[in-house]
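K.L.:
quick one, structure for this:
(one chain, ligands or ions: 1)
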Amino acid sequence: MPRIPKRIRLLLLVAILLVGGFLSTSIASYVVSRDALRDGLIGSALPLTGDNIYSEIQKDMLRPVFISSQMAHDTFVRDWLLAGEQDPTQLTRFLQEVKHKNGTYSSFLVSAKTLRYYYGGGILKSVAPDDQRDAWFFRVANMPQEFETNVDPDLANRDKMTIFINYKIFDYAGQFIGVTGVGITLDSMRHLLQNYEARFQRRVYFVDQAGQVMLTGDTQQTRASILQQAGISQVAAKILNHQTEPIAVTYSLNDQLILLNTRFIPELGWYLIVEQNETADLRPVQRMFQFNLLISALVTLLVLCIAMYSINRSQRYLETLARTDGLTRLLNRRAFEVVLTQKLSELSRRPRPVSGILVDIDYFKQVNDQFGHTTGDAVLQQVAQLLRASARAGDTVARWGGEEFVILLDDCPKAQALELAERLRLKVAHFDFALPDSFRVTVSLGVVELQPGETEIEFFQRADQLLYAAKSSGRNCVMADV
Ligand SMILES: Nc1nc2c(ncn2[C@@H]2O[C@H](COP(=O)(O)OP(=O)(O)OP(=O)(O)O)[C@@H](O)[C@H]2O)c(=O)[nH]1
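P.N.:
Here you go, the predicted model:
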């Protein structure tokens, strides 16, 4: 397996740490938000809607119960019944009055003696024990409690589904003599549901004890029994358990999670169901999660770019530092040797003349001794500068060590190198080093052209010998082999 460079390993580690950190915080905040949303919906939003609707229903129901009670205890009603139901117009007027005084309610009275059904328009019919639609009367007659609430189609009002308050009438001796009361159409309750659905973006509806959907705010909504509807049928048994305390249930439908709050409303004999689609509600949280991930990815990318840039920069700086001579800013000897080795291997592929010049400052010890090391350093820097400025762009100038320099001249025969060496010698000799006139800085130079098959060591040995020869011949001169 190829070894991954240290730099890439470091970047990978940074990326893993950043991605890991960002991912874990984004996921954690998503989970917390989702749970808070779910808890909020199950714990307060849905029960609150249920409570509100329930208290509105109770409010709507109380008034008709009160009116029915007054009707059942009215002395006129009782006296009229006990007097043998003589003039039906008297009772009809009474029932009309009740209806008009109280708005949209229908009003009725059924006599236990004659079984006549009276309403605002007169006598509607006679109730019969064998008529399914009249079963309610005989049930009320035999029930122990004083009144009940029942939902039935209203024969006197185009069979509209109506909530009837059936109140028992007793004579002054406590004998059952009939049933009276009022009916309210379900329309008012439908409006209530519509209002809640629109305000809270939830589905609100009623189902009866068999699970049949009885009343919805949305007229488009299916009327099928919840036992037969996909999704909710899984939890129908939990809903239809006569619990008057609200309960929370969840079910899934088409990959969406539905939260549901339900309670049994004894006044209606129906279950009130409030539903919320949690998946839809989670969408903003999911969008925030995606946005977080996007920001995290951008930040990771940015940090990686910055890290890569800094690593590359400091690596380049370290490489330059390792290659450069601190005083003269020229290449140092080690770097020069690398360049030379590369050059030699290149030569075997593309042979061309390569020459070298070894440069040594004459009597440099005296500069140090007479003017101090700082001046000696300045002279070294200035000579280096002169060499750099005189060489061509492709040539390599390096500090060989101490007060000695080397120049490698690519694609340059010895004659050309000799010319350059001579130019350099004159340049140094005429340069103003700001030293007293008694001391002139000069250099001695040895010039060689690389021989075929020659090694670096042999090449430099020859250059060194020529430099030595230049020194021996009085310095400030150039020596080249013949
Ligand atoms: N100021 C300074 N002096 C250096 C540096 N490197 C080497 N030297 C000095 O350079 C001097 C070289 O002296 P020598 O090798 O005797 O040569 P020279 O005095 O130039 O005599 P010739 O080469 O024979 O002409 C020594 O005194 C070193 O201490 C440097 O970086 N700074």
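K.L.:
what sits against Phe137?
P.N.:
110, 115, 127, 166, 179 (Cβ atoms under 8 Å, 6 or more residues apart in numbering). (Glycine included, C-beta is placed from N, CA and C.)
K.L.:
switch the residues you listed over to TSV; also include pLDDT, distance to Leu386 and secondary structure.
P.N.:
TSV is the format used below for these (pLDDT from 0 to 100; distance: Cβ to Cβ, whole Å; DSSP: H, G, I helix; E, B strand; the rest coil):
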residue	pLDDT	distance to Leu386	secondary structure
Val110	97	129	strand
Leu115	96	135	coil
Val127	95	130	coil
Asn166	93	122	strand
Val179	98	127	strand
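K.L.:
wait, which of those residues is closest to the ligand?
P.N.:
Ranked by distance to the ligand (Cβ to the nearest ligand atom), the contacts of Phe137 are led by Asn166 at 118.4 Å.
K.L.:
now do that closest one against Gly122, distance only.
P.N.:
Relative to Gly122, Asn166 is positioned 20 Å away (Cβ to Cβ, to the nearest Å).
K.L.:
which residues does stretch 22-38 contact?
P.N.:
With Cβ under 8 Å, 6+ apart, stretch 22-38 has contacts from 259, 278, 281-282, 285-286, 288-289, 292-293, 296-297, 299-300.
K.L.:
please redo it, this time with the cut-off set to 10 Å
P.N.:
43, 45, 250, 257, 259, 276, 278, 281-282, 284-286, 288-293, 295-297, 299-300 (Cβ atoms under 10 Å, 6 or more residues apart in numbering).
K.L.:
who's in contact with the nearest residue to Glu278 once chain neighbours are set aside?
P.N.:
Counting by Cβ to Cβ, 6 or more residues apart in numbering, Glu278 lies nearest to Leu257, which is 4.4 Å off, once chain neighbours are set aside. Contact partners of Leu257, counting by Cβ under 10 Å, 6+ apart, are 38, 250-251, 276-282.
K.L.:
tell me the mean pLDDT for whatever helix or strand Leu257 lives in?
P.N.:
Using DSSP states H and E, Leu257 maps to strand 256-265. Regarding strand 256-265, the rounded mean pLDDT is 87.
K.L.:
after that strand, next one along is what?
P.N.:
Going down the chain from strand 256-265, the next helix or strand is strand 270-277, by DSSP H and E.
K.L.:
how far does stretch 388-406 stretch from one end to the other?
P.N.:
The first and final residues of stretch 388-406 sit 11 Å from each other (Cα to Cα, to the nearest Å).
K.L.:
which of the contacts of Leu257 fall in strands?
P.N.:
Within these, residues falling in strands by DSSP state E are 250-251, 276-277.
K.L.:
how about residues contacting stretch 295-306?
P.N.:
Contact with stretch 295-306 is made by 11-12, 14-19, 21-23, 25-26, as judged by Cβ under 10 Å, 6+ apart.
K.L.:
next, the buried residues of that stretch.
P.N.:
Residues 296, 300 are the ones in stretch 295-306 that count as buried (16 or more other Cβ atoms under 10 Å).
K.L.:
state the mean pLDDT of it.
P.N.:
Stretch 295-306 carries an average pLDDT of 89.
K.L.:
ok, now stretch 96-103?
P.N.:
If you average the pLDDT over stretch 96-103, you get 85.
K.L.:
one more: stretch 181-201?
P.N.:
Computed over stretch 181-201, the average pLDDT equals 79.
K.L.:
extract the C-alpha set from that stretch and format it as PDB.
P.N.:
Coordinates of each C-alpha in stretch 181-201 appear next as PDB, following Å, rounded to 0.1, in the frame of the first residue of the first chain:
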ATOM      1  CA  GLY A 181     -86.500  19.300  24.500                       C
ATOM      2  CA  VAL A 182     -84.700  21.100  21.700                       C
ATOM      3  CA  GLY A 183     -82.400  20.100  18.900                       C
ATOM      4  CA  ILE A 184     -79.400  21.800  17.500                       C
ATOM      5  CA  THR A 185     -78.100  21.100  14.000                       C
ATOM      6  CA  LEU A 186     -74.500  19.900  13.700                       C
ATOM      7  CA  ASP A 187     -73.700  22.800  11.400                       C
ATOM      8  CA  SER A 188     -72.500  25.000  14.300                       C
ATOM      9  CA  MET A 189     -70.200  22.300  15.400                       C
ATOM     10  CA  ARG A 190     -68.900  21.800  11.900                       C
ATOM     11  CA  HIS A 191     -68.000  25.500  11.800                       C
ATOM     12  CA  LEU A 192     -66.200  25.100  15.100                       C
ATOM     13  CA  LEU A 193     -64.100  22.200  13.600                       C
ATOM     14  CA  GLN A 194     -63.400  24.200  10.400                       C
ATOM     15  CA  ASN A 195     -62.300  27.100  12.500                       C
ATOM     16  CA  TYR A 196     -59.900  25.000  14.500                       C
ATOM     17  CA  GLU A 197     -58.600  23.200  11.400                       C
ATOM     18  CA  ALA A 198     -57.800  26.500   9.700                       C
ATOM     19  CA  ARG A 199     -56.300  28.100  12.800                       C
ATOM     20  CA  PHE A 200     -54.100  25.300  13.900                       C
ATOM     21  CA  GLN A 201     -53.500  23.400  10.600                       C
END
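K.L.:
gap between it and the chain center?
P.N.:
Chain-centre distance of stretch 181-201: 39 Å, with Cα atoms, centre = their mean, to the nearest Å.
K.L.:
for that stretch, buried residues please.
P.N.:
By neighbour count with 16+ other Cβ under 10 Å, stretch 181-201 contains the buried residues 181-186, 189-190, 192-193, 196-197, 200.
K.L.:
same question, stretch 437-446
P.N.:
Buried residues in stretch 437-446 (16+ other Cβ under 10 Å): 441-446.
K.L.:
TSV for the contacts of stretch 295-306, including distance to Ala230, neighbour count and pLDDT?
P.N.:
Listed next are the contacts of stretch 295-306 as TSV, based on distance: Cβ to Cβ, whole Å; neighbours: other Cβ atoms under 10 Å; pLDDT from 0 to 100:
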residue	distance to Ala230	neighbour count	pLDDT
Leu11	52	16	83
Leu12	49	12	87
Val14	50	17	85
Ala15	46	15	86
Ile16	45	11	89
Leu17	46	12	90
Leu18	45	19	87
Val19	40	14	87
Gly21	42	12	89
Phe22	39	17	87
Leu23	36	14	88
Thr25	38	12	88
Ser26	34	18	88
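K.L.:
can you tell me which of the contacts of stretch 22-38 are in helices?
P.N.:
278, 281-282, 284-286, 288-293, 295-297, 299-300 (DSSP state H).
K.L.:
only the buried subset of those residues, as a ChimeraX command please.
P.N.:
To isolate the buried members of the ones in helices among the contacts of stretch 22-38 in ChimeraX, using 16+ other Cβ under 10 Å:
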select :278,281,282,285,289,292,293,296,300
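K.L.:
fine by me, thanks again.
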